[in-house]
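In: I'd like to go over a predicted model; first the sequence, then the structure.
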Amino acid sequence: MRLAYWMYEGTAHHGVGRVMNSMRNVHAVFHAPQGDDYVSTIYTMLERTPTFPAMTTSVVSGTDLARGTLRLPETLRQVEQRLHPDLIVVVPSCSTILLQENLQVAANAAEIQTEVMIYEANPYRMQENMAAEGLFTELVRRFATAQTQTDYPSVNILGPASLGFHVRHDLTSLRRMLGTLGVQINVVAPWSASVDDLRRLPAAWLNIAPYRELGAQAADYLEEQFGMPALREAPIGVQPTLRWLNALVEALNEVGARRNAPVIRMPHLTAFSLDGMSAPSSVPWFARTADMESYAGKTAFIFGDATHTVGMTKFLHDELGMPIVGAGTYMLDQADWVREQLKGYVSDEQFLATDEFQVTANRIAELRPELICGTQMERHTARKYDLNCMVIAPPTHIENHLLSYRPFLGFDGADVIADEVYTTCTLGMEKHLIDLFGDAGLDEAQEEPEMIAEPVAAAVATNGAAPAATTPAAEVAPASGTITWTPEAEAMLKKIPFFVRGKARGNVEKYAREHGITLITGDVLLTAKESIGA
């Protein structure tokens with residue numbers, strides 16, 4: 001079986017699953033055909049939690065449709081009896097939408113005590129992020145209750161969710177910084193939140209919503225309905241984190257002034273470090289070392305969701321000094337915001353908004369940057385063109401869901417990102433050095449292939465002399481329109497440093513196409529290098 005088409009975002013069911021699997025004592029029931037329960041497998045594979053996904057499929061079969069049978073009421077009764085959740089969210093599938101079944105009537109027929117909410121996540125109109133954002137916002141609308149604010153400075157953190165990119169680590173980083181300021185966390189949602197926690201949201205002084213993809217709409221609602229200010233920036237990088245902390249302190253002090261509360265003051269920055277004595281981040285120093293200065297001229301291409309594309313582009317340019325040759329997002333509904341945020345970093349021609357990974361792959365093939373920051377799909381593209389890539393946004397691989405502390409937000413996150421950039425590029429250099437100087441005996445020597453030598457030896461044995469000069473077998477003219485490299489040219493290409501080899505190959509092939517050349521020999525390679533500086 002071969003995967004025919006990749007999507008940057010998952011289905012609407014996947015988005016619903018992310019929210020429901022994040023919360024405590026709630027459960028999702030998908031009214032769907034058998035096979036749509038694939039969603040639960042994703043969480044079993046990738047989520048580093050000891051519990052099973054909070055999802056059940058109420059199967060719709062062809063036989064049931066023919067008989068007019070509806071299994072949903074019985075499924076709801078079984079979920080209540082087995083799990084006793086505070087809330088069950090029922091979600092329709094493609095077939096349910098087409099059949100126009102009234103799920104509210106079916107849910108009422110179950111006659112259970114548990115509260116049931118029907119969430120019409122239309123799979124034809126919604127993808128992962130829209131479905132997740134819509135459900136979480138609807139839950140906040142449904143349960144958030146007006147109440148007295150806490151006596152002490154407190155915040156809600158909105159947006160962290162199951163299978164989010166490094167969110168568990170980001171939460172730890174945020175908790176550390178808030179604890180250093182003496183600010184308490186009222187509720188984190190949807191991650192680890194219960195229905196009662198959602199009711200307590202308006203008790204906080206301020207909402208923190210660092211992710212554009214999830215939590216932003218809930219923050220808007222809480223601000224409109226309860227007058228709660230929100231801090232919506234993502235503190236990615238050293239300077240953005242400093243600005244974020246100052247904005248947080250200022251916003252909390254504005255609320256505190258109306259309550260005659262003590263003023264919150266920024267402590268010395270050493271208080272934010274892991275040991276409480278040193279600088280909170282080593283990035284400003286590290287960026288000036290010889291190691292990092294060698295990367296100052298390396299080009300970078302960034303592509304992903306809205307939050308991480310903007311944060312990484314600014315971090316690489318402002319704090320590591322890397323030229324940005326392109327950036328973009330697959331979140332088309334956020335493209336205008338991303339484009340506005342990246343003015344001065346990339347031109348309109350360098351900006352890319354697409355949800356088709358082939359388009360992104362073609363842009364990478366054209367640019368051949370020294371560093372790609374993208375999703376799991378861009379990592380596949382980078383491998384194809386022998387380029388360096390680090391994953392900075394979903395969709396991700398299992399290795400992006402690590403047990404160790406690897407945040408992207410805050411001072412700690414800045415160090416993690418800088419390390420990832422450095423090791424990603426350095427490993428590329430290591431591969432080049434092995435190619436250049438040899439493997440130091442790590443691999444056994446292999447004999448050279450004898451496909452060409454054997455016919456020559458046979459001819460000498462028969463005639464007593466080598467045959468007349470002819471075109472070598474490896475240089476037979478290729479099929480029309482294709483470009484082939486001779487072994488000689490490939491060997492010469494390997495002498496070019498690894499981290500620019502892919503770009504050099506692309507430039508040489510471009511030169512060959514422009515000059516009608518289909519066979520790249522050593523002479524063609526040298527001519528191309530002299531002509532275009534490949």
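Out: Arrived safely, thanks for sending.

In: Going by C-alpha atoms from here, please, whenever you check contacts or count neighbours.
Out: OK.

In: ok, how many other residues are close to Tyr119?
Out: 19 (other C-alpha atoms under 10 Å).

In: what about Arg523, which helix or strand?
Out: Quick fix: residue 523 is Asp, not Arg. With elements delineated by DSSP states H and E, Asp523 resides in helix 522-532, which encompasses its position.

In: buried ones in that helix?
Out: For helix 522-532, the buried set under the neighbour-count rule, 16 or more other C-alpha atoms under 10 Å, comprises 522, 524-526, 528.

In: Likewise for stretch 144-164?
Out: If you call a residue buried by 16+ other C-alpha under 10 Å, then stretch 144-164 has these buried ones: 144-145, 153-164.

In: Give the single residue among those residues positioned nearest to Arg175.
Out: Of all those, the one with the least separation from Arg175 (C-alpha to C-alpha) is Ile157, at 9.6 Å.

In: May I have the helix or strand hosting the closest one exported as PDB, CA atoms only?
Out: Take DSSP H and E as the rule and Ile157 turns out to sit in strand 154-158. Provided in PDB are the C-alpha atoms of strand 154-158 (Å, rounded to 0.1, in the frame of the first residue of the first chain):
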ATOM      1  CA  SER A 154      -3.600  34.600  38.500                       C
ATOM      2  CA  VAL A 155      -3.800  33.600  34.800                       C
ATOM      3  CA  ASN A 156      -5.400  31.000  32.600                       C
ATOM      4  CA  ILE A 157      -3.200  29.300  30.000                       C
ATOM      5  CA  LEU A 158      -5.400  28.500  26.900                       C
END
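
In: contacts for that strand?
Out: Among residues not part of strand 154-158, those counted as contacts by C-alpha atoms under 8 Å, 6 or more residues apart in numbering are 183-190, 201, 204-210, 214-216, 218-219.

In: one step back: hmm, which two among the buried residues of stretch 144-164 are most spread apart?
Out: Pro153 and Leu163 (29.6 Å).

In: what are the ranges of the strands in the stretch 101-250 of the chain?
Out: Counting by DSSP state E, counting those that start in this stretch, the stretch 101-250 of the chain has these strands, from start to end: 115-118, 154-158, 184-189, 206-208, 230-231.

In: Can you say which of those strands is nearest to Leu274?
Out: Distances from Leu274 to each of the strands of the stretch 101-250 of the chain were compared using C-alpha to C-alpha; the shortest belongs to strand 184-189, at 19.1 Å.

In: strands paired with that closest one, and their directions?
Out: Using DSSP bridges, strand 184-189 pairs in its sheet with strand 154-158 (parallel).

In: Convert the host helix or strand of Met390 to PDB, retaining C-alpha atoms only.
Out: Under the criterion of DSSP H and E, Met390 resides in strand 388-391. The C-alpha trace of strand 388-391 is given here as PDB (Å, rounded to 0.1, in the frame of the first residue of the first chain):
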ATOM      1  CA  ASN A 388      19.400  19.800   6.600                       C
ATOM      2  CA  CYS A 389      16.000  20.000   8.200                       C
ATOM      3  CA  MET A 390      14.600  20.400  11.800                       C
ATOM      4  CA  VAL A 391      10.900  19.900  12.600                       C
END
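
In: Now that strand: average pLDDT?
Out: Along strand 388-391, the predicted local confidence has a mean pLDDT of 94.

In: Find the nearest non-adjacent residue to Glu509, please.
Out: Of all residues beyond its chain neighbours, the one nearest Glu509 is Ile483 (7.3 Å), with distances taken as C-alpha to C-alpha, 6 or more residues apart in numbering.

In: picking that back up, dump the strands of the stretch 101-250 of the chain into JSON lines; add distance to Val325 and mean pLDDT as well.
Out: Listed next are those as JSON lines, based on distance: least, C-alpha to C-alpha, whole Å; pLDDT from 0 to 100:
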{"stretch": "strand 115-118", "distance to Val325": "46", "mean pLDDT": "95"}
{"stretch": "strand 154-158", "distance to Val325": "33", "mean pLDDT": "98"}
{"stretch": "strand 184-189", "distance to Val325": "37", "mean pLDDT": "98"}
{"stretch": "strand 206-208", "distance to Val325": "32", "mean pLDDT": "98"}
{"stretch": "strand 230-231", "distance to Val325": "30", "mean pLDDT": "97"}
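
In: quick one: Pro323 and Thr313 touch, right?
Out: No. Pro323 is beyond contact range of Thr313, at 9.5 Å (criterion: C-alpha atoms under 8 Å).

In: sec struct for Pro85, please.
Out: Under DSSP: H, G, I helix; E, B strand; the rest coil, Pro85 falls in the coil class.

In: Domain map for this structure?
Out: Listed by automatic domain parsing, the domain ranges of the chain are 12-140, 144-267, 283-415.

In: returning to that earlier point: if I pick the residue nearest to Glu509, what's in contact with it?
Out: Neighbours of Ile483 in contact, by C-alpha under 8 Å, 6+ apart: 509, 517-520.

In: just Arg24 next, same as before
Out: Neighbour list for Arg24: 192-195 [criterion: C-alpha under 8 Å, 6+ apart].

In: between Pro323 and Thr313, which one's more packed in?
Out: Neighbours were counted for Pro323 and for Thr313 using other C-alpha under 10 Å; Thr313 has more, 26 against 20.

In: Now do the same contact list for that one.
Out: For Thr313, the residues meeting the contact criterion (C-alpha under 8 Å, 6+ apart) are 302, 324, 327, 342, 345.

In: ok, the fourth one - contacts?
Out: Contact criterion C-alpha under 8 Å, 6+ apart gives 310, 313-314 as the residues in contact with Leu342.

In: do the same with the first one
Out: Ile302 makes contact with 309, 312-313, 326-328, 372-374 under the criterion C-alpha under 8 Å, 6+ apart.

In: Narrow those residues to those in strands?
Out: When the contacts of Ile302 are checked against strands using DSSP state E, the ones located there are 326-328, 372-374.

In: and of the residues you listed, the nearest to Tyr385?
Out: Set against Tyr385, the nearest of the ones in strands among the contacts of Ile302 by C-alpha to C-alpha is Ile372 (11.3 Å).

In: Test my guess that the closest one contacts Tyr385.
Out: No. Using C-alpha under 8 Å as the test, Ile372 is too far from Tyr385 to be in contact (11.3 Å).

In: Can you work out which residues contact both of those two?
Out: With contacts defined as C-alpha under 8 Å, 6+ apart, no residue is shared by Ile372 and Tyr385.
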